[in-house]
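**Q** here is my input; please provide its structure:
(chains A and B)
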Amino acid sequence: MQPSPTKHHPGKAEKQEARTAKLLLIPAFMGLIFLTYLPLIAVFGISLFQWRVPGTPSFAGFDNYRFLFTEDFFFWTSIRVTLLYGFLSVAAGLVYSMIIALLLNRPIPGRAAFRTIFYMPFIIPAVATFLSWSLLYDGGGIINNIVVMFGGQRTHFLSNEQTIIPALAMVAVWTSGNLIVIKMAGLGNVPRTYLEAAEIDGANAWQRFWKITLPCMTPIIFYNMLMSLVTNMQIFVPSLLMAAGGGAGAGTVPESYLFMTFTMYRTGFINGLIGRASAISFIFFILVGIFTAILFITSKSWLFYEGGDPK
Amino acid sequence: MNQKSAFTTLRLIIITILAALVLFPIWWIIRSSLMTGPEVGTMALFPSRWLFSNYAEAMVHFDYFLYLRNTLIIAVPAVIFGTSTAVMSGYAFARLRFRGKKFLFGLCIASMLLPPMVTLIPLYIVWTQYFGLINTFWPLILPWMCGGGAFNIFLIRQFILTIPKELDEAAMIDGAGRIRILVQIIVPSIKPAIMVVAIFIFLTVWNDILHQTVYLLDDNLATMALGLRIFRGSYGTVWQLAMAATVLSIIPGILVYIFGQKYLIEGVVMSGMKN
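**A** Numbering: from 1, shown residues only, chains lettered A, B, ... in the order given. I've put the predicted structure just below:
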């Protein structure tokens, strides 16, 4: 849809158009410079300093990084639980939203009402969501009561290291109603002619899904996987609330709650180690960058664009 | 044909069960908020007596109207400024030609992948050390004056691209300037998109506990999300009161959802279609 670049010299009208554009883009430009890219450079700069507030920073090279990777046992835990939760929640959310979207794809009574219901958890704020699920997961809560009813053992889902991350991923799945709406739209855009042609050729529903529907959905799946991964890896609320519950003290949270955003917050804002917290932020940025790169590189082999090459 | 209708019935049964499961936690919060403490831990689906007094009791600790006021002090300007600057930027990216457009738009899109937690510390230092804005709402409002977030700019741009260009061109011939076209033609035709962005910004502010935690240390400035922290999520929680407060905190979001639902779904659809 982009107008093709023309070679003639810019006329008065075009100059004015460019001027208007610049005027309109001043706020966004300021945001990109001062709230996004400069702070990104700055966080790397600060991470090279030893800086405990209130005090003065002193240059330390990569000492913060060395400390985090070689001396801070909990930092590896932090990376591990963040990645584990990120992958688990994104994968589960993907499967869940795909199944619901497929079920709602064909004409079904009350389709719009179902869509509204499945979307609803998405608008509940994270703190409220976590509090609500804490009640469900509670030692004497409904989920445990059901487990016991079927002869199982009571578990403290949110304080047992084995169950914390799956339990939190479950909550993430519950809130991923927006993915369902997006996937429903994507399914609606799969060309009917392909599906009909395949049906005539004798492909069954399963084959049609794997050979046509899924490939046509890959661009949407790709984009949403990327965005959910960035969002989910920033999980913070459960850690903050669990830490508050265990007293202001820092070491009392189960290891599985040491997500990177929380570790950064605790290091920088509770313990006042600004330089080291910045190093954690920057490592987080690099991790996100690596996954983005992996997704982009591998996408060439599994991403399908209708009508030819990806743009 | 008969097999097909059997299949539809089966799908309807499965989807109804799943929908009930999704709604269940929401009902459980409401039901628990109206019970006595011991009753919360039972399997009862309904309270034996509907204790609306729990809400009054919760509000003794949970200063609902203070939190509501504080959250709105951030959310209202955020929605107004964020939406208007997103519309300005989205329009420029969708319709106007200028040098460096592709590059700037690329920077904008790439910033969607930059998590807010990464830039938190430098911004915190600037807001608090250089501008002395700790314990004020400014660090939470001012960023919304800068484009309203890459995601929302992108959304507006996508909507504008679906509007036929002929409308602009006809107005151009009638002598309207670019700004007038934006205000008189584009804005009225992307009303749903504007609603969506407004709702997204509202929900983002409602949810933004990370920034609120670091900038608002004074209890009198606590927002809804911060206020809920007193109920924590672990042992010794007075569940019926915690759930009453939770229900109260959800209500404004639900109202916004009901009010803008039609647009919201449309917007989510657009947002998922990267093109």
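
**Q** any idea which helix is longest in chain A?
**A** Of all segments of type helix in chain A, defined using DSSP state H, the longest is helix A:73-103.

**Q** any bit of that helix sitting next to chain B?
**A** Yes: shown here: helix A:73-103 in contact with chain B (Cβ under 8 Å from any Cβ of the partner chain) through A:100, A:103. Yep, even glycine has a C-beta here, placed from its N, CA and C like the rest.

**Q** which secondary structure elements does that helix sit against?
**A** Judged by 3 or more Cβ pairs under 8 Å, 6 or more residues apart in numbering or on different chains; DSSP states H and E, the packing partners of helix A:73-103 are helix A:164-174, helix A:177-188, helix A:214-232, helix A:260-265, helix A:274-302, helix B:2-33.

**Q** okay, the angle between it and helix A:274-302?
**A** Using axes from the mean of the first three to the mean of the last three Cα atoms, to 10 degrees, one finds that helix A:73-103 and helix A:274-302 are set 40 degrees apart in direction.

**Q** so after helix A:73-103, what's the next helix or strand?
**A** Downstream of helix A:73-103, the first helix or strand assigned by DSSP states H and E is helix A:111-119.

**Q** list the buried residues for that next one?
**A** Of the residues in helix A:111-119, A:114-119 count as buried by neighbour count, 16 or more other Cβ atoms under 10 Å in any protein chain shown.

**Q** quick check: residues of the stretch 51-200 of chain B near chain A?
**A** Close to chain A, as judged by Cβ under 8 Å from any Cβ, the stretch 51-200 of chain B has residues B:85, B:88-89, B:91-93, B:96-99, B:101, B:104, B:107-108, B:111-123, B:125, B:143, B:145-147, B:150, B:153, B:161, B:177-179, B:182.

**Q** hmm, 6 Å instead?
**A** Residues of the stretch 51-200 of chain B found near chain A (Cβ under 6 Å from any Cβ of the partner chain) are B:85, B:88-89, B:92, B:96-98, B:107, B:111, B:113, B:115, B:117-119, B:121-123, B:143, B:146-147, B:178.

**Q** just the buried members of the residues you listed?
**A** B:85, B:88-89, B:92, B:96, B:98, B:107, B:111, B:113, B:115, B:117-119, B:121-123, B:143, B:146-147, B:178.

**Q** in helices only, show me the residues you listed.
**A** B:85, B:88-89, B:92, B:107, B:117-119, B:121-123, B:178.

**Q** now the longest helix seen in chain B against helix A:111-119, angle please.
**A** Ranked by residue count and defined by DSSP H, the top helix of chain B is helix B:239-272. With the same axes, to 10 degrees defining the directions, helix B:239-272 sits at 120 degrees from helix A:111-119.

**Q** quick one: buried residues of helix B:239-272?
**A** So, applying 16+ other Cβ under 10 Å, buried residues of helix B:239-272: B:239-250, B:252-253, B:256-257, B:260-261, B:263-272.

**Q** filter those down to the ones near chain A?
**A** B:239, B:242, B:246, B:249-250, B:253, B:257, B:265, B:268-269, B:272.

**Q** lowest-confidence one in those?
**A** In terms of pLDDT, residue B:272 ranks lowest among these, with 62.

**Q** how about low-confidence regions in the chain?
**A** The chain I'm using is chain A. A:1-10, A:244-251, A:305-311 (pLDDT under 70).

**Q** should've been chain B
**A** B:1, B:233-236, B:271-275.

**Q** hmm, back to that, closest to residue A:51 among the buried residues of helix A:111-119?
**A** When the buried residues of helix A:111-119 are ranked by distance to residue A:51 (Cβ to Cβ), residue A:119 comes first, at 43.8 Å.

**Q** so that closest one sits right up against residue A:177, yeah?
**A** Yes: between residue A:119 and residue A:177 there is a contact at 3.8 Å, judged by Cβ atoms under 6 Å.

**Q** stretch B:221-239: which residues count as buried?
**A** Buried residues in stretch B:221-239, counting neighbours by 16+ other Cβ under 10 Å, are found at B:221-234, B:237-239.

**Q** same question for stretch A:94-101.
**A** Buried, per 16+ other Cβ under 10 Å, within stretch A:94-101: A:94, A:96-98, A:100-101.

**Q** alpha carbons only: can I get it in PDB?
**A** This file holds the C-alpha atoms of stretch A:94-101, laid out as PDB (Å, rounded to 0.1, in the frame of the first residue of the first chain):
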ATOM      1  CA  LEU A  94      -1.300 -21.100  22.300                       C
ATOM      2  CA  VAL A  95      -2.900 -24.500  22.500                       C
ATOM      3  CA  TYR A  96      -5.800 -23.300  24.600                       C
ATOM      4  CA  SER A  97      -6.600 -20.400  22.400                       C
ATOM      5  CA  MET A  98      -6.300 -22.500  19.200                       C
ATOM      6  CA  ILE A  99      -8.700 -25.200  20.600                       C
ATOM      7  CA  ILE A 100     -11.400 -22.700  21.700                       C
ATOM      8  CA  ALA A 101     -11.100 -20.700  18.400                       C
END
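
**Q** any idea how many residues pack against residue B:156?
**A** Residues near residue B:156, counting by other Cβ atoms under 10 Å in any protein chain shown, number 27.

**Q** quick one: contacts for it?
**A** Counting by Cβ atoms under 6 Å, 6 or more residues apart in numbering or on different chains, residue B:156 touches B:86-87, B:90, B:193.

**Q** not counting sequence-adjacent ones, nearest residue to it?
**A** residue B:90 (2.8 Å; Cβ to Cβ, 6 or more residues apart in numbering or on different chains).

**Q** do I have it right that the one you found meets residue B:158?
**A** No: Residue B:90 is beyond contact range of residue B:158, at 8.2 Å (criterion: Cβ under 6 Å).

**Q** the more surrounded of these two?
**A** residue B:90 (31 against 20).

**Q** can you report phi and psi for the closest residue to residue A:31 other than its chain neighbours?
**A** Closest residue to residue A:31 apart from its sequence neighbours, by Cβ to Cβ, 6+ apart: residue B:146 at 2.9 Å. With angles defined as degrees, to the nearest 10, residue B:146 sits at phi -110, psi 60.

**Q** and if you look at residue A:49?
**A** Torsion angles, degrees, to the nearest 10, at residue A:49: phi -110, psi 150.

**Q** from residue A:268, how far off is it?
**A** 12 Å (Cβ to Cβ, to the nearest Å).

**Q** which helix or which strand is home to residue B:204?
**A** Using DSSP H and E, residue B:204 falls in helix B:191-207.

**Q** and that helix, which residues are buried?
**A** B:192-207.

**Q** do stretch A:209-219 as well
**A** Residues of stretch A:209-219 classed as buried: A:209, A:212-213, A:215-219 (neighbour count, 16+ other Cβ under 10 Å).

**Q** excluding its backbone neighbours, what's nearest the residue sitting nearest the centre point of chain B?
**A** A centroid search over chain B (Cα atoms, centre = their mean) returns residue B:203, at 1.6 Å, as the residue closest to the centre. Once flanking residues are discounted, residue B:203 sits nearest to residue A:123: 6.0 Å by Cβ to Cβ, 6+ apart.
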